[in-house]
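1. just coords:
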């Protein structure tokens with residue numbers, strides 16, 4: 001009789017170990033997924049910033065610009081301000097060479113609410129200009145939260 005009770009205890013402790021291993025495996029898989037998702041979002045954000053500066057400065061794609069502005073940025077850039085912004089960029093002509101874009105993506109929490117700050121140096125034949133870009137990814141896609149274009153003063 002005593003032997004039967006010990007066998008029952010060892011069987012239940014074995015089940016606890018199996019459940020513990022499964023739970024730890026699920027936690028590990030969840031952490032791996034969150035980390036890989038974070039890295040992918042950072043890659044996508046950097047690519048979006050480079051593409052946005054390219055499409056705004058080189059291609060002067062006002063439709064892209066308008067469709068990617070955040071709701072708050074739409075308040076700062078109504079249609080007339082968008083036209084003025086693109087006219088200021090067009091005054092300098094075509095960029096000479098590649099655009100140097102620097103910046104990084106950060107997360108408000110450890111894995112969620114990505115946003116980034118990027119700076120682009122655009123070289124023109126006679127001078128250069130800087131473009132500062134703030135982006136975020138609240139839900140669904142990347143958007144432009146704030147943008148400034150600062151041409152070097154003529155000498």
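-> Looks like it arrived, so ask away. All values derive from a computational prediction rather than experimental measurement. Numbers count the residues shown, from 1 in each chain.
2. give me the phi and psi for the closest residue in space to residue 88 that isn't next to it in sequence.
-> Sequence neighbours aside, residue 149 is the residue nearest to residue 88 in space, at 6.2 Å (criterion: CB to CB, 6 or more residues apart in numbering). All C-beta atoms are positioned from the backbone trio N, CA, C, and that covers glycine. Per-residue torsions, residue 149: phi -120, psi 120 (degrees, to the nearest 10).
3. now the helices for this structure?
-> With DSSP state H as the definition, the chain shows helices at residue ranges 2-57, 62-68, 71-76, 79-91.
4. wait, isn't residue 57 in contact with residue 99?
-> Yes - at 6.5 Å, residue 57 counts as touching residue 99 under the criterion of CB atoms under 8 Å.
5. overlap in contacts, these two.
-> Here residue 57 and residue 99 have 120, 122 as joint contacts, going by CB atoms under 8 Å, 6 or more residues apart in numbering.
6. neighbours around residue 107, how many?
-> Neighbours of residue 107 under the rule other CB atoms under 10 Å: 15.
7. list the beta-bridge partners for it.
-> Going by DSSP bridges, residue 107 is paired in beta bridges with residue 114.
8. tell me the contacts of it?
-> Residue 107 sits next to 38, 41, 113, 114, 115 when contact means CB under 8 Å, 6+ apart.
9. what sits closest to the first one if chain neighbours are left out?
-> Pointing back at residue 38 there. residue 111 (5.0 Å).
10. what does the pLDDT read for residue 139?
-> What the model reports as pLDDT for residue 139 is 81.
11. name the residue closest to the centre of the protein, please.
-> residue 45 (2.7 Å; CA atoms, centre = their mean).
12. re the thing from before, next one: the residue nearest to residue 38 from residue 12, what distance?
-> In this structure, residue 111 and residue 12 are 37 Å apart, going by CB to CB, to the nearest Å.
13. again with residue 94
-> From residue 94 over to residue 12 the distance is 76 Å, taken as CB to CB.
14. residue 53 too?
-> On the measure of CB to CB, residue 53 and residue 12 end up 62 Å apart.
15. comparing the two, which residue is more hemmed in?
-> With neighbours defined as other CB under 10 Å, residue 53 and residue 12 compare such that residue 53 has more, 22 against 8.
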